[in-house]
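Novice: Following is a predicted model, sequence given first.
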Amino acid sequence: MDYVIIGNSAAGIGAVEGIRQVDQTGSIAIISDEPHHTYSRPLISYYLGGKVEQHNMYFRPKTFYRDYDVEPMLGNPVTVIDAAGHTVTVAGKKIKYGKLLVATGGSPFVPPIENLAGSDVFTFTKWDDAKALAKAAEKAERAVVIGGGLIGLKATEGLLNLGLNVTVVELADRVLSTILDEKASQIFGTHLKSLGVTLITGDTAAAVNRDGEGSVTGVTLKGGNTVEADVVVVAIGVVPNTVLADTAKVKKERGIIVDEHLMTSAKDIYAAGDCVETFDILRHIRRPQPIWPNAYEQGRTAGINMAGQPLAYKGSFGMNSIEVKGLPTITVGMYDAVGPEYEILAKSDAESLTYKKVIIHNDRLVGAVFVNDIDRAGIMTGLIKDQVNVKAFKHDLISDNFGYAVFPEALRKERLSS
Amino acid sequence: MHKSLIKAEFQVQRDDYKCIRCRVCERQCSFEVHSYDADADRMFEDEMKCVGCQRCVEYCPTRALTIQPHPSTIRPHGNWPYRAVKDICKQAETGGMLLSSTGDELGHRIYWDHLVLNASQVTNPSIDPLREPMELRTFIGRKPDQVDVRLVNGKPVLKTELPPQLTLETPMMFGAMSYGAISYNVCQSLARAATASGTMYNTGEGGLHRDFYQYGPNTIVQCASGRFGVHREYLNAGAAVEIKVGQGAKPGIGGHVPGEKVDKEISITRMIPVGTDALSPAPHHDIYSIEDLRQLIYALKEAVEYKKPVGVKIAAVHNAAAIASGIVRAGADFVTLDGLRGGTGAAPTRTRDSVGMPIELALAAVDQRLREEGIRNNASLIVAGGFRNSTDVVKAIALGADAVYIGTAALISLGCTVCQKCYTGKCPWGITTQDPYLTKRVNPEIGTQRLTNLLRAWSLEIKEILGGMGINAIESLRGNRLHLRAIGLNERELDVLGVMHAGE
Amino acid sequence: MATKAKTTKKRRRVQADEKVCIGCKLCEVACIVAHSKSKNIIRAFNEETPRALSRVLVEESKPLTFALQCRHCDDPPCAVACMTGALRKDPETGAVLHDREKCVGCWMCVMVCPYGGIQRDMREGKAASKCDLCLELDEPACVAACPNAALFVVEDED
């Protein structure tokens, strides 16, 4: 095989599309331990809640592998990468590669909790997780979700749609603490409570309680309280999955280290997506930035490089869009920056649960938060991405009618002419 | 504050079934007639503010609106029509002069409508302009008493040095409208259309914006009593200079652009501070006689080094013929006569409607006088004042005009509905305003095209009519009153016009 | 093998000339009609509920006004960010198209579109809504409706 891609999600598919932009004839294999045609992992909460049916789970049409002349090898994991020999081993069989992409994504982080093993306890990152949880939820009335982050709250939404009573247990003092600032968290918490969710913060699960038959009856928290539940979802977070990369002995810290062409420390081995760490152009540090657009972009860039056309990946920055039952929220960049060097403009309205905040550093936007009124958030993302000087119109940034009309003429023309 | 006794002039009717609450009418109305009540999800209208411009009617995407003269009326009376009553009420409330725009609205006799044209039958056969060349080219400027020709290699070559001439491909020009009275976009449309059509537009007394110097070969620059924006480069930028003494819509009266309209660009162009009123005095303060006028004519000729024609524009007043004679003798290369129906951006209503005379009479009188004095060839005669179509133009040329200025008709081609509110500065069609939100309404690309089309269409019609007369050059029609006959005019009128009655 | 080599750089979008945009919003009206069920202006506004959404937005900061809609980028960030595959650049027409069936309304596209050109359609379920260039018409409805020639189609092919 000229190209072997391990991983069948955003980065993997991005790589296929990137390779085919440059090389229309080289042979490509895509390998995944999951048996499914490429599907969208973020959709599993919608699937759980019955909002997306099976046929709409797929990220690309059923004809994708054929259209792109890709050999899919699905259902078995790669067990070993032999960097020197340029082979990967799948189900005991060695496959030779010219260029390899490791796009193994992230793994759910599961902390030590007593009695965790057994039925009725689920993680929530893969389609099969959602399928299993959906089945268990059929006879369940109460669920406890351990972790009030992105995945936990999307699982919560799915479970609410199935009619379950949900308790969310979050160790931090607020939900979504890694993607929202305090104010937005607080609004989100208010919203969750209004949906009937029981929110427990500053605590976490110590043990899963089970009855004599091994069925879950609830969770005992570190603080001593007990929450009754029929199912438990563990959604503390995701860490880069580097288990396979370790077999090739590529350099890693929190995630796999790649150069600006997304190549690892091993020749001809590239990595992209949630398993790597990349440069955060706002925070000026390397870190895992496990979000969908970054994964796709990295995959595609890696693919273009693998096919022999050098293309630098300049890095990215964090951004998240999350909506749980009618409260759309977007955060971009350094949403939580504080300090004398940052200028923060914000406004909020408690009644309508709207909140807008921008963070400015040296007349450049470095972060933004939008709750409810998100309609033109992308303009702000663009300004952050291109580090545009916003001094001339910074007070319009949080106005209700923010748009290109408030831009200085020259800047507006420059940005709209392309 | 007591109740106003002025009645609504227009009725705004909204078909509620057709109204989709898109609020386009509200955004288009610069007089704030329409408003939307979100709680009631209804449009409301304040008829008192409606000027009947029809902008909303034209822009309503469902044609849900009808604007018509208000049907509510006072008891009809011969001496006291509502117009008379309304004016009295208005003045009783404001204590001020009545202001208005465009030309006379009383409808003094339009002589064009009492004149008919001739055509060839059997003898002197008519000409098909689609098959044979038809000449509309017109030269504006003093013509020599005689021309000497010498033969070079058997071909005649003009020996006489001709005075400066303007060459027009059609005998119609765009009349004087200043940047200030009309918007930048309209000026640009006029300049570009004049260029495309091989004719001239006239700057009016507002100076020439630096962007429009490029259209100089098709520009007549004006020098009026306020001398706004008049300097050497300006005078030399155009193809000809016109001294404005008077204007048909307001003979004897100066001009006034209120300070609010004097923005940065106008201030630079007029050479006055931003926000100051641009006041044109009623007279030129250096002209109190024909001799004074002669001094100015020659001062300007010096400034343009005798390379461009210099003319004088006057309003058509009672003794226009004698004045025109004096103007020609003072050295003007052309005389412009502006009649009673000529437009204006702002004029006292009483002056507009009652001072001066219809252009037909003035033209006939001036042409006749200059001929009698043997000086008709010393200057071209340009006429203006309410020209509405190509036959008005043809009749004017037969009466003795060399060329015609069209002003209001040009603005109508850009959308003007003659609502007569130019003086408010809120022109809903974006023509006679400097409000940047409104001026965008004239797209210069579209404006240029429409004006060019208008001149082209009229020129085609003129050729058709000439052909019908068996004439193949407009020059042959000039001053040929035998091609005109009158219908329904009395003997004095026939006498002044110098035409015979139909049937004679 | 039609899609194997996706290298088309064809690009088509509606451009506004702010100098002559008069802010009437007839483009928005036309867009709503073009995306209504009946295609009849009065029914689209007065009878169809929920009413269709306009995909073009007239921005205003008087006297400035201009219409803005999807720029149909060469490399659309929305399609990169779209986690469902609902947004894609159509190689045939150059249009960035949106498949409402697939969309779940995660607003990733809203988050990344640098033009703010994607709207939230909350009428039946939630989904993104954006300019589709009226591909089934001779010219986009907004362009046809603009009374002052302030909107026009720009097309370039690599």
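Specialist: Structure's in. What do you need? For clarity, every value in this text was computed on a predicted model and none was experimentally measured. Numbering: from 1, shown residues only, chains lettered A, B, ... in the order given.
Novice: ok, how many other residues are close to A:Arg415?
Specialist: When neighbours are counted by other CB atoms under 10 Å in any protein chain shown, A:Arg415 registers 17. Just so you know, the C-beta spots here come from the backbone N, C-alpha and C atoms, and that holds for glycine as well.
Novice: So what does it look like in phi/psi?
Specialist: A:Arg415 adopts backbone torsions of phi -80, psi -20, taken as degrees, to the nearest 10.
Novice: so it makes contact with C:Pro114?
Specialist: Yes. Applying CB atoms under 8 Å as the test, A:Arg415 and C:Pro114 come out as touching, 7.3 Å apart.
Novice: what is in contact with these two at once?
Specialist: Listed as contacting both A:Arg415 and C:Pro114 by CB atoms under 8 Å, 6 or more residues apart in numbering or on different chains are A:Gly382.
Novice: domain parsing for chain B?
Specialist: Per automatic domain parsing, the domain ranges recorded for chain B read B:10-96, B:138-501.
Novice: Which pLDDT value belongs to the spatially closest residue to B:Asn480 that is not a sequence neighbour?
Specialist: Excluding the flanking residues, the one nearest B:Asn480 by CB to CB, 6 or more residues apart in numbering or on different chains is B:Ala398, at 5.7 Å. At B:Ala398, the model reports a pLDDT of 98.
Novice: Secondary structure class of B:Ala398, three-state.
Specialist: Under the three-state scheme (DSSP: H, G, I helix; E, B strand; the rest coil), B:Ala398 adopts helix.
Novice: Could you measure from it over to chain C?
Specialist: According to CB to the nearest CB, to the nearest Å, B:Ala398 and chain C sit 39 Å apart.
Novice: Neighbours of the closest residue in space to A:Asp181 that isn't next to it in sequence, how many?
Specialist: In this structure, A:Asp181 finds its nearest non-sequential neighbour in A:Asp336, 4.9 Å apart by CB to CB, 6+ apart. Using other CB under 10 Å, A:Asp336 is surrounded by 17 other residues.
Novice: anything in stretch A:347-357 near chain C?
Specialist: No. Stretch A:347-357 is not in contact with chain C by CB under 8 Å from any CB of the partner chain; minimum separation 13.8 Å.
Novice: Name the residues that touch that stretch?
Specialist: A:181, A:183-184, A:187, A:190-191, A:327, A:335, A:344-346, A:368-373, A:398.
Novice: okay, now residue 124: neighbour count?
Specialist: Since no chain was named, I'll use chain A. By other CB under 10 Å, the residues close to A:Phe124 number 25.
Novice: not what I meant, chain B
Specialist: The number of residues packed near B:Asn124 is 10, by other CB under 10 Å.
Novice: and the gap between it and B:Thr391?
Specialist: Distance of B:Asn124 to B:Thr391, computed by CB to CB, to the nearest Å: 21 Å.
Novice: repeat for C:Asp138
Specialist: Noted for C:Asp138: a distance of 40 Å to B:Thr391, by CB to CB.
Novice: Next: A:Val358.
Specialist: According to CB to CB, A:Val358 and B:Thr391 sit 66 Å apart.
Novice: Looking at the two, which one has more neighbours?
Specialist: Comparing A:Val358 with B:Thr391 by other CB under 10 Å, the one with more neighbours is A:Val358, at 25 against 18.
Novice: give me the residue from chain C nearest chain A.
Specialist: As assessed by CB to the nearest CB, chain A sits closest to C:Pro114 within chain C, at 2.9 Å.
Novice: Isn't that residue up against A:Met380?
Specialist: No. C:Pro114 sits out of contact with A:Met380 when judged by CB under 8 Å, with a separation of 9.1 Å.
Novice: Could you point out which residue ranges in chain C have low pLDDT?
Specialist: Applying pLDDT under 70 to chain C picks out residues C:1-9, C:158.
Novice: Show the contacting residues for the residue nearest the centre of it.
Specialist: Nearest to the geometric centre of chain C sits C:Cys131, at 1.0 Å (CA atoms, centre = their mean). By CB under 8 Å, 6+ apart, the contact set of C:Cys131 is C:14, C:31, C:55-56, C:69-70, C:72, C:117, C:140.
Novice: Which residue comes closest to C:Cys109 once chain neighbours are left out?
Specialist: Using CB to CB, 6+ apart and skipping the chain neighbours, the partner closest in space to C:Cys109 is C:Cys78 (3.8 Å).
Novice: Next, the one you found: secondary structure please.
Specialist: Per three-state DSSP, the local secondary structure of C:Cys78 is helix.
Novice: tell me, how many neighbours does whichever residue of the stretch 201-350 of chain A sits closest to chain C end up with?
Specialist: Closest to chain C within the stretch 201-350 of chain A is A:Pro293: 3.9 Å, counting by CB to the nearest CB. Neighbour count of A:Pro293, defined by other CB under 10 Å: 24.
Novice: Flag every residue of chain C that's near chain B.
Specialist: Looking at chain B, the residues of chain C close enough under CB under 8 Å from any CB are C:19-26, C:28-30, C:41-42, C:44-46, C:62-63, C:65, C:145, C:147-150.
Novice: Can you flag which of those residues belong to strands?
Specialist: C:Thr65 (DSSP state E).
Novice: Please check the residues of chain C next to chain B and keep the buried ones.
Specialist: Those of those that meet the buried threshold are C:20-26, C:28-30, C:41-42, C:44-46, C:65, C:145, C:147-148, C:150, by 16 or more other CB atoms under 10 Å in any protein chain shown.
Novice: Filter the residues you listed down to the ones in helices?
Specialist: Among those, the members falling in helices (DSSP state H) are C:26, C:28-30, C:41-42, C:44-46, C:145.
Novice: And the furthest pair within those residues?
Specialist: C:Asn46 and C:Ala145 (18.3 Å; CB to CB).
Novice: ok so, going back, need the winner for burial among the domains of chain B.
Specialist: Of all these, domain B:138-501 has the most neighbours on average by mean count of other CB atoms under 10 Å in any protein chain shown, namely a mean of 21.
Novice: pLDDT at A:Ile236, what is it?
Specialist: On pLDDT, A:Ile236 comes in at 92.
Novice: so how far is A:Ser107 from it?
Specialist: 11 Å.
Novice: Which of these two has more residues huddled nearby?
Specialist: A:Ile236 (21 against 17).
Novice: How many neighbouring residues does A:Lys252 have?
Specialist: Neighbour tally, A:Lys252, other CB under 10 Å: 19.
Novice: For A:Asn307, give me its contacts.
Specialist: Small correction: residue A:307 is Ala, not Asn. A:Ala307 neighbours (CB under 8 Å, 6+ apart): A:3, A:18-19, A:21-23, A:26.
Novice: Pull the most distant pair out of those residues.
Specialist: A:Tyr3 and A:Gln21 (12.9 Å).
Novice: Between those two, which has more neighbouring residues?
Specialist: The residue with more neighbours, out of A:Tyr3 and A:Gln21 and counting by other CB under 10 Å, is A:Tyr3; that gives 24 against 17.
Novice: dump the residue contacts of the more buried one.
Specialist: When contacts are taken as CB under 8 Å, 6+ apart, A:Tyr3 is in contact with A:15, A:19, A:26-29, A:97-101, A:303, A:306-307.
Novice: excluding its backbone neighbours, what's nearest it?
Specialist: A:Ile28 (4.5 Å).
Novice: Would you confirm that the one you found contacts A:Pro72?
Specialist: No. With contact defined as CB under 8 Å, A:Ile28 does not reach A:Pro72; the gap is 9.6 Å.
Novice: more crowded one of the two?
Specialist: A:Ile28 (25 against 17).
Novice: Domain-wise, how is chain A divided?
Specialist: According to automatic domain parsing, the domains of chain A span A:3-107+A:239-306, A:110-236, A:328-417.
Novice: Buried residues of stretch A:153-169, list them for me.
Specialist: A:153-162, A:164-169.
Novice: Would you tell me whether it gets close to chain C?
Specialist: No. Remark: stretch A:153-169 sits outside contact range of chain C, by CB under 8 Å from any CB, the gap being at least 9.6 Å.
Novice: Tell me the secondary structure at residue 131.
Specialist: With no chain named, the answer covers chain A. helix.
Novice: how many other residues sit next to it?
Specialist: Here the number of neighbours of A:Lys131 (other CB under 10 Å) works out to 14.
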